[in-house]
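Trainee: okay, predicted coordinates and the sequence, questions at the end:
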Amino acid sequence: MSELLNWLLWVPLAFGVGALFFPRGAARWLALAGSLGALGIAIAFVIDFSASEPGLQYAVDNEWIPDLGVRYQLGMDGISLFLVLLTALSWAGATAFSALRRYPEDAGRERLYYLLLGLAETAVLGAFLAQDMLLFVLFFDLMLVPFFFLIGIFGSGNRVAATTKMIVYTLVGSLLMLVGAIATAILATPEGGEISFSLADLQANLLSEGSQEWIFWFFAAAFLVKMPAFPIHGWMPDAYRACPLPVLALLSGVLSKVGAYGFLRIVLPVYPDAAATFQEAVLVIGVASILYGSVMAFTQTNVRLIAGYSSIAQLGFITIGVFALRPDGADGAVLQMVNHGLVVVSIFLIIALLYERAKTEDLSEMGGMAMRAPVLAALFLIVTLATLAMPGSANFIGEFYILNGVFQAKIAYAIVASIGVALAAYYALRLYQGAMHNRLPEGVESREISVRDGVVLAPIVACIVGLALWPGLILERGEASVTENVSVVALQSCTDEVTGGLGTTDGPGAAAEVTACAEDRYGLPQIESEEGESAGRGWTPYGPEVSVIE
Amino acid sequence: MSATAYGWLVLAFPLAGSLIIAFGWRALPGRAAGWIGTAAIALAFASSIGALVMLQDEPAEARHLTSSLWDYASAAGLDIQLGILVDPLSVFMCLVVTGVSALIHLYSVAYLDSDRGYARFFSYLNFFVFSMLLLVLAGNFVLLIVGWAFVGFASYALISFWYRRGTATAAGMKAFVINVVGDVGLVLAALLVFRELGTFDYLDSFEAARETFSVNEGVVVAICLLLLVGAFAKSAQVPLHTWLPDAMEGPTPVSALIHAATMVTAGVYLIARMYPLFELAPTAADIAAFGGLATLIIAATIALAVTDLKRIIAYSTMSQIGYMVVGVSIGAYVGGLFHLMTHAFFKALLFMAAGSVIAAMANVQNIDRMSGFRRALPFTSLLLIVGALALAGFPPLSGWFSKDEILVFAAERGGMYWIFAVGGYLAAFLTAFYAFRIGFRVVAGDPCDEARELERGHLPHAEPTNPLTGEPEDTDVGFPGPEHHIAERAQPMAWAMGALGVLSVVGGVVQIPGVTHVIESFLEPTFEESTLFHLVPSTGAAWTGLLVGAVVSATGIALAYYCYVANPGVTGRAIERLSGVHRFLFNKWYFDELQDALVYRPMIAVGRFANSIFEPVVVQGIVDGAVGLVRGAGVLVRGAQSGFVRAYALLLLGGFAALGVYFLVVSS
Amino acid sequence: MEEVAFFVLAIGALGGAVAVVGLRNPFYSVLALIVHLVSLAGLFLLLHAEFIAAAQVVVYAGAVMVLYVFVAAYVGNVEEPIWDQIPGQRVLAPLLATALFVELAIAIIGTGLKSLEGEGPTIPLGFGSPASIGELLLERYLIVFEAASMLLLIAAVGAVVLAGRRRREEPSGG
Amino acid sequence: MTFEAPHIDYAGISPVLALTAGLVVVLLAGVFTEGSRERLVVSALSFATLAAAAGLCIWQWGEGTDLVAGALRLDDLGLAGGLIAIASAAFCIPLSWREEAADRASGPTGHAEFQALLLCSVLGMVLLAQAQNLISFFVSLELLSVPLYVLCGSALRRRESLESGLKYLIIGSLGSATLLYGLAFVYGASGSTDFAGIRAGIGGDVLGDPLLLIGIGLAATGLAFKLSVAPFHQWTPDVYQGAPTPVTAFMAVATKAAAFCVLVRFFYVALGPAVDDWQPALAALGAVSIVIGNVGALGQNSLKRLLGYSGVAQAGYMLVGVAAFSEAGVSALIFYLAAYALMNLAAFAVITIRERETPHGDDIRAVEGLGRERPELAWPLTISMLALAGLPGTAGFIGKLFLIEAAVDADYTWLGVAIAVGTMISLAYYLRVVAAVWMRPSAKRVGAEPEPLPAIAGGSPEADAEDFGIAAAANAGAAPPGTRCRTIIALTVLAAAATVFFGIVPSPLVDWAANAGEAIAAALPV
Amino acid sequence: MAVEWYLVLSALLFAVGAGGVLIRRSPLVILLCLELMLNAGNLALVAFARASGNEEGQVFALVVMVVAACEVVVGLGLIVAMFRRRIPLNVDDLRELRG
């Protein structure tokens, strides 16, 4: 099964490259086959995955650049599992959407388009699968390249400036992250040891608090820009305006998640002290993103930007979920990443349909399109309700978990964040109503969704509905891995607190204190230590072992 | 079958009905959708009775059964089941909801007949009933919130059912957003409960609350206040009430079902359901009661002034729910819930009658233009008067018993609670007056043009206009169809109205002081832990209260008769003389304007500010600033690249000079 | 005696250098350089570098300067404009030159190397003679010697490439 | 008079001998052949020479001895530098085939001279990379430079070419004089010209002596000029732009390789004991270079100029490897040099082709619309730009990774950050080129109606007429794009493919670079 | 006569030469100034050779002479070529390439 990870990763790119050698009309079908293949593999992983086990359930570990300590390490745990599925599904959707509509219109560039899509999918999957920090950084940066071209070549309006701005802005963060990653590996290497970027090794040799603190911000810069978070979302409006819609669906739906994933997968376990130290700083950013994104989405009339700013708000939720530093908040964040991905992908595909009917992207010039398009309206309505996290949708459960986590950790932030829930109702509904309801303006056409678009949109919406019925699917599978990652922070910071930063506890009394602290403050489930077992080991069920002096 | 199995069935039928209609909308011929919808609700009603029967079989102390279908979202220490709680309170609500709903569905089968969105309507309506039942059956806070929000959504969907009408969509949005505010309150309340008590389950949390909290402890008050946000938003209590009058944009059966009989009473249900918490937080309960009192008076005064038929009834609804909120807040659970039931009957009836009248008026809703329908619409007129009498609390109709039960309880509790009794009777007087403002306007007097035409056998038609703004509307899709339906000519409407008329008249018999106490004894197992439930006024006191109520009601009706039948001009003169007061009331105490100024406008202003100033200046400023800095440096570097080779040499040697200075400094 | 010779030659070298920089006519500058080079050759002699001194006179002052003279004559007398186009260059250049001198002088004077303070160590007979230099060149610095010869060859080729006349260019060439 | 002929390890010095011999043969061949035959024969001979030299270098790989009485050092570091220079030369010869500087339409063609000059420069580079004596260091640097001065100015019809030649010569000689003065001081302070002797001579009291340090400063200035490190970089953009493109390509890549090798050897072997004094200076120069190079490249329309500034920045990156003063630093440097060669050569090759196909010269307009029109050129150019920008999937990324790792390992984390910041800025201009290639409508080709060329000749009207004639003739006889310059395209694609290959499978190149790093390990503190 | 004196003179000559390069605009004179600088270097080399008592500096100086000659040859070649192309022999007029 583990070998399938390689297939999963490289199939999209291989098919994309293969498409280069196909005749023009056929390339798209090959690319579609590739994305469906990846989807199939991803589904196989979901089926095979065991819900209760923490840690990596599948792993590939090969040498890559031994001199630099970089390994080709892939793996999948409960956090990446559904993000991989989301990626595969979104790409299959966007590829199918494009292929069925014979997009791009410029047949001469068709093969290029699908090659870039394939490359992008591989890069994103790579980021989700990488278990080597440098490999992660590599894929994280790599994914920008195809998007640079996709926006720049196939986009509209001021596309070149927009795409350049996007890539430079986002790379600002990720290049700092590269430095941070290298610094981490070097600082974590014990005297005379071999340098290693493997996440497992880095988690085993935590850095000093001082190092963690500056490296933390290098990573945070990368992730927050990518999401994007307020106030460093400056690239977003232009890029969203220019991006072709199937690509935008991916950009907004999937790429933004990589940032949040990075926080959870890398920052928390590798920089636990810094994460605890800067918890409130990131919470402030998250809450500000929620409020700002919502308020912006309020008054925007460009439909893409409404969705875009709403994404800022949603990513704000996900961020605060992760930085609740509790299993519940983080588990909710994982669920919410998938939910938001599904919702945004379908929103942008719907926006494509709206644009086709209204010939405008200005909400104030749209309206009444539900008239002869009940199915489209129904699909749009479901997506809208999921967007505003209507209770009963999986998005609500995600937000509920997140708010719960933050509520238990830092109550004030949760209360402020909950304002965002109410605001979301307004902007999401405004988008739906503005497009579908009221009178049909001149020049806007009300036309039912065609079968070729329906076969793409319907399955995605079906996933949204399915998840609404059983959000536990993701929550249960994510729980163990999430707890593992969060527990590192909890134990680290509690140990520091109990021992006054010495990192060691003397005696079982202190160990019990740490356990209590971790449970109380971070909601970490307490594992009953068996009688007779050393007290120090009983409370480190997950993550690195903290040394204990008896 | 167990009671919980019936409970699941209660939920299943409406949901199935909704889905069948939604997916089969194209295949369903004629009124099939309507009949399917009605049948689904009727089956749900039957299942409710099944649940009732099964529940009564249980011993009294075991009458709270739970059941869970699956782990809805349980992970990371949170245990969230897809579980229901079947107990007397939820079964009582199920019976009211499904019973009234079935009748309203029946009415709608004919009323909406010509509408292009017929199937959509029934799908929504069935979904609403499902949501409402989910709300009342939910066994934990999360599922409660789900039902709560579903109800809000169904309400939104049905308010903007005629989605081509701008006022309707705006009203829907307003309703939805205010309801979401309520949802947020509930969510926070649930989180606080979980934080303090570690569970989302009703029964567990109530039990834990009794052990954990002392009376009036800050946390429990906070929980209750947050719950009240939800309850007030949903039940349209001041100040979160402004959506309800606007919600009258929906089709009349919707107004009857959702915005009178069922959904808006969810807040009352919530307070009753959460009584263990409220009894631990008397402060919060008192706040709720005062909110209810304020609402019932304010709404009654507004109902005196507005002229839109449906809006008058809507304000009356607010006012009546105010009674219920007062009731359940001060501990008159039986009275509150009893009034909830009777109100459902007579208010639904009033709306149905109003729908019939509006149809006869060719979609005109201004009562000033109506008069003399008694011959043209005899059946409707009769039931309208019955409904008005019940609303006015005229003996021996149902409203008389239920309302006074609450007020007597208030008086019985004494102390400050006398205020509620006095306020309640004051409002009852106003209620009687405006109820017959409607009754006499519609029924009495010379027939208006439309009534005359109807007497000649024609149903009047007019160009379709928006009843609120008077703007002409297109008839293509989604507006009231080309044909109207009045109860006199449409069998299903007549059946439904007839049934409700009977219930409005006799509904009071279940709880006559000293005679019957069906509701009280049925609900007792739910409220067995309550300290207030058992505080029952003496039969004498109860009858005294009823007597006062009857007098107040009769006085109000008499005044209305004086104003609208005996001296038709007197109201006009009164309006002139009291123009300030009238304007204040006619503008609904300026609540809309207040909300606009305090919430909506600031929000939009902040949004505009963010969009037009903050985003370009700060957010783009970060980008532009960095870019400008780099560009500026680039300009400098390129400027230094002057093309003069001697300048290059200068820089080269200058560079060395600098390097040399460094080396000289570090040299020992 | 040596001091006198040094100062005379130093003044000659410095004067020549200053004249090269200061004279406005390139032709005169070339002549001034010859004075400078010859003075330097004298200084080399004082430093016991006979072969270098000889090479200086023969190769430099002789061959190379002839080349200069020819080119100076060929391109004619180009007067430089008084006005300096580069703002500040006129001020900065002398300042920078002074700064350079100061830095170098500090390094030279401030050094702790004892050997610079005296006349240098006693040296064997034949120090700097053609024989000993030649030996060094052909033994230790064989590769340098070869490389220098390649350099001369390629410089010649380069000069031909740059300045060599071609048939088609004759009409336009001067 | 008795000479003791020094022991000469002919195997070790064989690459140098091969190049010398080849150079002479090429010159002679030029005398005896004419016209198109000349190009064929001379090129064949040049290739043979370069191939032989490269083969001999590879043969000697792994050796580690002093050559010719210690004037040269045969080790993997020097060989690596030499190999990069040789490969670049081999790449640039086809580029020069139609270049006006070598292929004069009127009069005898100049291929022999052109290629002889090129070979001589390569010879200088091979020697320089191996030099471990101040004198051989200086003379090989000149052997490298003098032919380049000539080559830069060799497009005699273009005023820019002459201008660049003269500017290069003046600044170059100034740099040489500075370097010479610095070497003199180092010699004076240590009493030796051998690197090993210097190392021995500057221990003790001399360490930290102003004479030595000023000498180091002067030498660093002279070398930094050669490496186009800011603030000694100002000749670079002008000369890159003015010189004939094949020369620019060669100069940009090969000079850096050889000069960095000698920089490493000089600073590590000879000046190793003084590391605490020079390390911060080199680090600061690296940082300044990164900033100035990158901001200068913004907004440039001339691609060669852009690559010139980019070269300044890249030199800054590579200087970080030197400043690290570690084996990893040297390995990173060599890796980056090789990667830099691949990516730059591909870019210059595309510019060369487009200069001939469009009237825009090396202006960015020349590559507009290339993606649609000439994918075989667009892809290499794109890959090369992305690699220069250090995006993953290319050797450029691995190179930067390597350098940052070396910097951080040497406790120069801020230099790693400087590389990252520089890369951010650099994206703006690299991506501008990529955007022009893929996202702009295509430039007008010269094709059917020969547009008058811009007045590039200046001064002489006759010469101008001649130029037009040449241009018109070239266009009239021009084969459709795609069939011309097949060799160049093949080489370009190869270079781009290698850039990607080493981005994905970097290990062979990393190992190769690590060998070079090990060669210097003896000079490093344990 | 201390070697230091020679070195100070050499530094002075170097500075004068450098100043000349910075001030003069005729390429011919600039070449002359560069000669001055190289010769200053030679003087330093020979002086250091004297101070250290080995002849390596002298050999170096010899090589520098060759190098200087080569630079002159190429430089003069360029000047001649420019003169033929009627490019003004003033380095300040060589500003086609800039920015």
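Mentor: Arrived safely.

Trainee: alongside chain A, which residues does chain D contribute?
Mentor: Residues of chain D lying near chain A by Cβ under 8 Å from any Cβ of the partner chain: D:331, D:371-372, D:386, D:390-393, D:397-398, D:400-402, D:404-405, D:408-409, D:413, D:416-417, D:419-421, D:423-424, D:427-428, D:431-432, D:434-435, D:438-440, D:506-507, D:510-511, D:514. Where C-beta positions appear, they are placed from N, C-alpha and C, glycine not excepted.

Trainee: now do the contacts for B:T167.
Mentor: Counting by Cβ atoms under 8 Å, 6 or more residues apart in numbering or on different chains, B:T167 touches B:246, B:249, B:466, B:468-469.

Trainee: what's the helix or strand for it?
Mentor: Remark: B:T167 resides in helix B:166-197, with elements defined by DSSP states H and E.

Trainee: list the buried ones in that helix?
Mentor: Judged by neighbour count (16 or more other Cβ atoms under 10 Å in any protein chain shown), helix B:166-197 contains these buried residues: B:166-194, B:196-197.

Trainee: surely D:S192 is in contact with D:G201?
Mentor: Yes - proximity of D:S192 to D:G201 meets the contact threshold set by Cβ atoms under 8 Å, at 5.1 Å.

Trainee: in the chain, which helix or strand is least confident?
Mentor: You didn't pick a chain, so chain A it is. Of all helical and strand segments in chain A, the minimum by mean pLDDT, DSSP states H and E falls on helix A:535-538, at a mean of 36.

Trainee: meant chain D, my bad for not saying
Mentor: Sorted by mean pLDDT, DSSP H and E, the helices and strands of chain D bottom out at helix D:461-476, which shows a mean of 41.

Trainee: number of nearby residues for A:D48?
Mentor: Neighbour count for A:D48, taken as other Cβ atoms under 10 Å in any protein chain shown: 13.

Trainee: ok, B:I385 touching B:I438?
Mentor: No - counting by Cβ under 8 Å, B:I438 is not a contact partner of B:I385; they are 9.6 Å apart.

Trainee: look at those two and report which has more neighbours.
Mentor: When B:I385 and B:I438 are compared for neighbours, B:I438 comes out ahead with 27 against 20, by other Cβ under 10 Å.

Trainee: and that one, what does it touch?
Mentor: If you count contacts by Cβ under 8 Å, 6+ apart, B:I438 has them with B:309, B:312-313, B:350, B:354, B:367, B:384, B:388.

Trainee: where is pLDDT lowest across those?
Mentor: Across these, no position has a lower pLDDT than B:I367, which has 85.

Trainee: check contacts around that residue.
Mentor: When contacts are counted by Cβ under 8 Å, 6+ apart, B:I367 touches B:307-309, B:312, B:437-438, B:441-442.

Trainee: from those, which is closest to chain C?
Mentor: The shortest gap between chain C and any of these belongs to B:D308, at 82.2 Å (Cβ to the nearest Cβ).

Trainee: B:R369 is in contact with that closest one, correct?
Mentor: No - because the distance of 10.9 Å does not satisfy Cβ under 8 Å, B:D308 is recorded as not touching B:R369.

Trainee: which of these two has more residues huddled nearby?
Mentor: Under the neighbour definition other Cβ under 10 Å, B:D308 and B:R369 were set side by side, and B:D308 has more, 18 against 14.

Trainee: list the residues that contact the more buried one.
Mentor: Contact partners of B:D308, counting by Cβ under 8 Å, 6+ apart, are B:248, B:365-367, B:467-468.

Trainee: give me the number of residues near the one residue in the stretch 1-150 of chain D that gets nearest to chain A?
Mentor: When distances are taken as Cβ to the nearest Cβ, the stretch 1-150 of chain D approaches chain A most closely through D:D76, which lies 14.7 Å from it. Other residues within reach of D:D76, judged by other Cβ under 10 Å, total 24.

Trainee: may I ask you to confirm that it is in contact with D:W61?
Mentor: Yes - with contacts defined as Cβ under 8 Å, D:D76 counts as touching D:W61 at a distance of 6.3 Å.

Trainee: mutual contacts of those two, please.
Mentor: Contact criterion Cβ under 8 Å, 6+ apart; residues bridging D:D76 and D:W61 by contacting each: D:N515.

Trainee: returning to what we had before: the residue of the stretch 1-150 of chain D closest to chain A and A:L431: what is the separation?
Mentor: 64 Å (Cβ to Cβ, to the nearest Å).

Trainee: spatially central, which residue of chain B would that be?
Mentor: By Cα atoms, centre = their mean, chain B has its centre lying nearest to B:V264, at 3.0 Å.

Trainee: surely that one touches B:A233?
Mentor: No - between B:V264 and B:A233 no contact is recorded; they are 10.3 Å apart, counting by Cβ under 8 Å.

Trainee: who touches the residue of chain C at minimum distance from chain A in this structure?
Mentor: The shortest separation between chain C and chain A is 33.8 Å, found at C:I143 (distances taken as Cβ to the nearest Cβ). The contact partners of C:I143, taken as Cβ under 8 Å, 6+ apart, are D:13, D:16, D:67-68, D:71-72, D:127, D:136.

Trainee: so which of those are in strands?
Mentor: With strands defined by DSSP state E, the entries of the contacts of C:I143 inside them are D:67, D:72.

Trainee: quick check on the contacts of B:D308: which are buried?
Mentor: Looking at those with 16+ other Cβ under 10 Å, the buried ones turn out to be B:248, B:365, B:367, B:467-468.

Trainee: which among these gets closest to A:L315?
Mentor: Distance to A:L315 across the buried ones among the contacts of B:D308 (Cβ to Cβ) is lowest for B:M248, with 39.2 Å.

Trainee: wait, a helix at the closest one?
Mentor: Yes - going by DSSP: H, G, I helix; E, B strand; the rest coil, the assignment for B:M248 places it inside a helix.

Trainee: mind checking pLDDT for it?
Mentor: At B:M248, the predicted lDDT confidence score is 88.

Trainee: rewinding a little: following the least confident helix or strand of chain D, which helix or strand shows up next?
Mentor: Next helix or strand after helix D:461-476 toward the C-terminus (DSSP H and E): helix D:486-504.

Trainee: what sits against residue 58?
Mentor: I went with chain A, as the question did not name one. By Cβ under 8 Å, 6+ apart, the residues touching A:Y58 are A:1-2, A:4-5, A:45, A:74-76.

Trainee: looking at chain E here, not the other one
Mentor: Here E:Q58 is in contact with C:49, C:51-52, C:128, C:133, E:45-46, E:49 (criterion: Cβ under 8 Å, 6+ apart).

Trainee: list just the nearest of these to A:V168.
Mentor: Among the contacts of E:Q58, E:L45 lies closest to A:V168 (Cβ to Cβ), at 50.3 Å.

Trainee: quick one on the thing from earlier: for B:A42, state which of the contacts of B:I438 is nearest.
Mentor: Taking the contacts of B:I438 together and measuring to B:A42 by Cβ to Cβ, the closest member is B:L350, at 22.8 Å.
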